[in-house]
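*Asks:* Please find the sequence and the predicted model below.
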Amino acid sequence: MRHSHSKLWIAGALVYIFLYIPLAIVVIYSFNDSKLNTEWVGFTLSWYEALFNNKEMLIAVCNSLIIAISSSFGATILGTMAGLAIHRYKLRVLSILFFAPIAMPEILLGVSLLLFFLQVLNLTLGMVSIIIAHTTFCIGFVAIIVKSRLQDMDESIFESARDLGASSWQCFHLVTLPLIMPAMIAGALMSFTLSIDDFIITFFTKGVGDPILPIQIYTMIKVAVTPEVNAISTLLMLLTLFTIIIGIKLSSSFLYVRKNNEST
Amino acid sequence: MALLEIRGVTRCFGNFIAVNNISISIETGEFFTLLGPSGCGKTTLLRMIAGFDLPDSGQILLDGKDMVGMPSEKRPIHTVFQTYALFPHMTVSDNVAFPLKIAGKKLDEIRSRVIKTLDDVRLFNLGNRFPHELSGGQRQRVALARGLISRPRLLLLDEPLGALDLKLREEMQIELINLQKETGIAFVFVTHSQNEALTLSHRIVVMNQGGVEQIDTPSKIYNFPRNRFVADFLGKINIMDAQVLEIIPPYLRLLIPELGQVVIPNKEGVKIGDKGFMAIRPEQMRIMIYSEEVNSKNHFSGQIKSLLYAGDVTTYVVEFSNGTRVEILLPNSAPREIKRFEIGDLVVIVWESDVGLFLND
C-alpha cells in the first residue's frame, strides 16, 4: 500500500516538474545579470528596467490590455446572452453553433476572420478588427460557463419568481442576473487571459501599425531570447496568475448558492 | 360561484395524455388535495393552475373568469415548490419580502408585514439568515411565508413535505392546517401520500392516469371508495372477487368463490348477479380463537401465517384453508381483552355484516 503510494507521489511530482520547470527557468533568468540564458551570473533588475524604457514594448502592453479588456467585456455580454438562450430554448443546433469555434483550429478562425474583415466588411485592419476577432472566439467560452451554471440551478427558482409576480425583466435582474454573476465574472476573466496571450488570430487580424504584446515578444525572439523577453514573460505570468486568483476568490464568495442547491 | 373551476381540461405531451378531460371546482377557504400515484397528472394540473403550462383544451376559471392568456405573474395564485425554490442570494427577509417589493409596496409596510408573516410561520429571529443556513423544515416555512405574504386567492403546494423526515412532516401537517384556517386562503395541495391527504384535506380528488377517480371528503373516500383503484390506493384493504347472490335490505349476500357466502351492507344500484369485488379494511375484521363460539354471519377459519408488530397495532396475515390470504389489524392497547396471537395459531376470522363494501369495478 505504502509502496504504491510513494510511486504515485513520484509520478505526480514528475508531472509538476515537467509543467513548471520551464516557467521557473524563465522567471529565474529574468533576474540574471547576463545577456545569455546559459549560466547564472548574478541577480539584477536591469532587464525590468530596460523593459520599462522600451517604448515599443510599453505600447504593445497597453494595446494588448485595451484589446483584452474590451473583447472580454463584449464577449461576456454576448456570451451571457448566448448561454441564456441555449439554456432556455434547448436547441442542439444553437449550442453546437456557439461551441464549435472553441474546438475549431485557431488558424482556420484567423484566416476566415481576415477574409471576412477585408472582403466582406472592407475594414482596415487594426485594433478594432483584433477586438472583434477576440470577442468572437471568447463568446463560446463565456456561453459554456454561463450555461453550465444555469443547468446547475433549480429551474423552479425562476418559475417561483414569475409566480410571485415578477415580470420577465424583474425576474432577470432580481434573480437570474445575481445568480449567474459568478459565471459571468469567471467567463470575463477567462476571456481576458485568452485574449491577452493570443498569437495566431491576432497575427492574422492585426494591422501594420499597432504593436501587440505576444507578437512583439515573438519579434524580439527572432533575434535572440534575451533576458528582456524573460522579464516580460514573467510579468505576463504574474498578471495571468493574479487574474486566476481573483476569479477563484470571486466565485468562491458566491459558493453558497451552489451549496444551497445541493442540499435542497 | 366556486373560487376555482376547472372545466374539461386536457393536456397532452406528444402521445401521452397527462391530464384527460378533468373537471373540478374548488371553494373559497377550502383545503383541497390532489392525490394520486406519480405520473397521474396531478403536478401537470397544478402547473396549469399556476400558469406555467397551458391546457390543450378546456378552461380554468378563477372567480368565474377564464385565466387563459393570463401569465403566471398576473394570477393571484402562488406556489410552494417541492424544492422550496428559495432565492439563494437573498436573506430570509428578502425572500419573504419579494412579492411585496415586486408589487411596489412601501418599505415600512413591507417591513412590518414581513415580521408578522415570519412570526406566523414561527421563524422569529431568522430574518437575516440565508437559505443555505436553514434546516429543511425552516426552509419549508420560508417558502410558505413567501407564498402567503401577499395574500393570494389560492396557494398551490407541490408535495411540500416530501423532503422532510417523518417527525417534522407530522409537525408541519399540523401547522399547515392551522395556517390555512387562520389565513382562510384556499390551499390546493399535491401529494402522493394518502396519509397526508387524509390528515390535511377538506376534500380530496383521487387521480389516476390523467383522470379523476373520485372527489370526496377524506372519510367518504376512505370508507366508501368508488372503485377498486381508490380502495387500494388509500390505506390497506383486502379485496376479493365477489358476485351478488341476494339483496336483503339493508344487506347484500355475496358469493366469494375463494371463501363462500358473506353478508355485507347493501349498496345503491346493485343488481342480483352483478360481478365485482368485496373490499374490507384490515381493522374491520377480528380474530378469534378456533374453539370460541361465533355468532357472526361472516366467519371463516384459517391460520396465522405472519405478523407485523408496529407498537400500537399488529398486522396479522391469515391464510384460509384454500390458500387465500387476508390482512387483519388489531390494536395492542388492551392486552387483557384482546389476546395476542402467534404464527401457526388456528383462528377464526370474523366481521359483522355492517362492514365491508361491494365494488363494481
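*Replies:* Nice, I can see it. Residues are numbered from 1 along each chain as shown, chains lettered A, B, ... in the order given.
*Asks:* Show me the shaky parts of the chain.
*Replies:* Just going to use chain A. Applying pLDDT under 70 to chain A flags the ranges A:1-4, A:37, A:251-264.
*Asks:* Can you look at chain B instead?
*Replies:* Ranges of chain B meeting pLDDT under 70: B:292, B:294, B:334-339.
*Asks:* how close does whatever residue of the stretch 101-250 of chain B ends up closest to chain A get to residue B:90?
*Replies:* Per Cβ to the nearest Cβ, residue B:132 is where the stretch 101-250 of chain B lies closest to chain A, at 3.6 Å. Every C-beta, even on glycine, is put in place using the N, C-alpha and C of the backbone. Using Cβ to Cβ, to the nearest Å, residue B:132 is found at 11 Å from residue B:90.
*Asks:* Same check on residue A:199?
*Replies:* 44 Å.
*Asks:* domain parsing for chain B?
*Replies:* Annotated domains of chain B cover B:4-231, B:236-359 [automatic domain parsing].
*Asks:* so can I have TSV of those showing mean neighbour count?
*Replies:* Below are those laid out as TSV (neighbours: other Cβ atoms under 10 Å in any protein chain shown):
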stretch	mean neighbour count
domain B:4-231	19
domain B:236-359	15
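*Asks:* would you turn those domains into a markdown table with distance to residue A:164?
*Replies:* Shown next, in a markdown table, are the domains of chain B (distance: least, Cβ to Cβ, whole Å):
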| stretch | distance to residue A:164 |
| --- | --- |
| domain B:4-231 | 4 |
| domain B:236-359 | 40 |
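*Asks:* Give me the residue at the spatial middle of chain B.
*Replies:* residue B:197 (2.5 Å; Cα atoms, centre = their mean).
*Asks:* does it count as helix, strand or coil?
*Replies:* State at residue B:197, reduced to three classes by DSSP: H, G, I helix; E, B strand; the rest coil: helix.
*Asks:* Measure how far the helix ranked longest in chain B is from the centre of its chain, please.
*Replies:* Of all the elements of type helix in chain B, the one with the most residues (DSSP state H) is helix B:166-183. For helix B:166-183, the gap between its own C-alpha mean and the chain's C-alpha mean amounts to 15 Å (Cα atoms, centre = their mean, to the nearest Å).
*Asks:* Ok, stretch A:82-102 next?
*Replies:* 20 Å.
*Asks:* start to end distance for it?
*Replies:* Length of stretch A:82-102, first residue to last, Cα to Cα, to the nearest Å: 14 Å.
*Asks:* Report whether that stretch contacts chain B.
*Replies:* No - judged by Cβ under 8 Å from any Cβ of the partner chain, stretch A:82-102 and chain B are separated, with a smallest distance of 14.3 Å.
*Asks:* for that stretch, which positions count as buried?
*Replies:* Neighbour-count burial for stretch A:82-102, counted by 16 or more other Cβ atoms under 10 Å in any protein chain shown, picks out A:82, A:83, A:84, A:85, A:86, A:87, A:94, A:95, A:98, A:99, A:101.
*Asks:* correct me, but the third one touches residue A:146?
*Replies:* If I follow you right, that is residue A:84. Yes - shown here, residue A:84 and residue A:146 form a contact pair, counting by Cβ atoms under 8 Å, at 6.9 Å.
*Asks:* Sitting in helices, which of the buried residues of stretch A:82-102 do you find?
*Replies:* Among these, the members found in helices (DSSP H) are A:82, A:83, A:84, A:85, A:86, A:87, A:94, A:95, A:98, A:99, A:101.
*Asks:* Give me the nearest residue to the fifth one, chain neighbours excluded.
*Replies:* I take that to be residue A:86. Spatial nearest neighbour of residue A:86, excluding adjacent residues (Cβ to Cβ, 6 or more residues apart in numbering or on different chains): residue A:95 at 4.7 Å.
*Asks:* quick one: contacts for whichever residue of the stretch 1-150 of chain A sits closest to chain B?
*Replies:* Nearest residue of the stretch 1-150 of chain A to chain B: residue A:149, at 12.3 Å (Cβ to the nearest Cβ). Going by Cβ atoms under 8 Å, 6 or more residues apart in numbering or on different chains, residue A:149 touches A:83, A:179, A:180, A:182, A:183.
*Asks:* quick one: which of the residues you listed is nearest chain B?
*Replies:* Of all the contacts of residue A:149, chain B sits closest to residue A:179, with 6.1 Å by Cβ to the nearest Cβ.
*Asks:* So for the helix or strand containing the closest one, what gets flagged as buried?
*Replies:* If you go by DSSP states H and E, residue A:179 is part of helix A:177-196. Neighbour-count burial for helix A:177-196, counted by 16+ other Cβ under 10 Å, picks out A:179-196.
*Asks:* Give me the contact list for the following helix or strand past it.
*Replies:* Per DSSP H and E, the first helix or strand lying C-terminal to helix A:177-196 is helix A:200-205. Under the contact criterion Cβ under 8 Å, 6+ apart, helix A:200-205 has outside partners A:67, A:106-107, A:109-111, A:113-114, A:117, A:125, A:129-130, A:132-134, A:137, A:212, A:214-215.
*Asks:* Now helix A:200-205 - C-alpha only, CSV.
*Replies:* C-alpha atoms of helix A:200-205 as CSV (Å, rounded to 0.1, in the frame of the first residue of the first chain):
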residue,chain,number,x,y,z
ILE,A,200,-2.4,33.2,-34.1
ILE,A,201,-5.7,35.1,-34.5
THR,A,202,-4.1,38.4,-33.5
PHE,A,203,-1.4,37.7,-36.1
PHE,A,204,-4.0,37.3,-38.9
THR,A,205,-6.2,40.2,-37.9
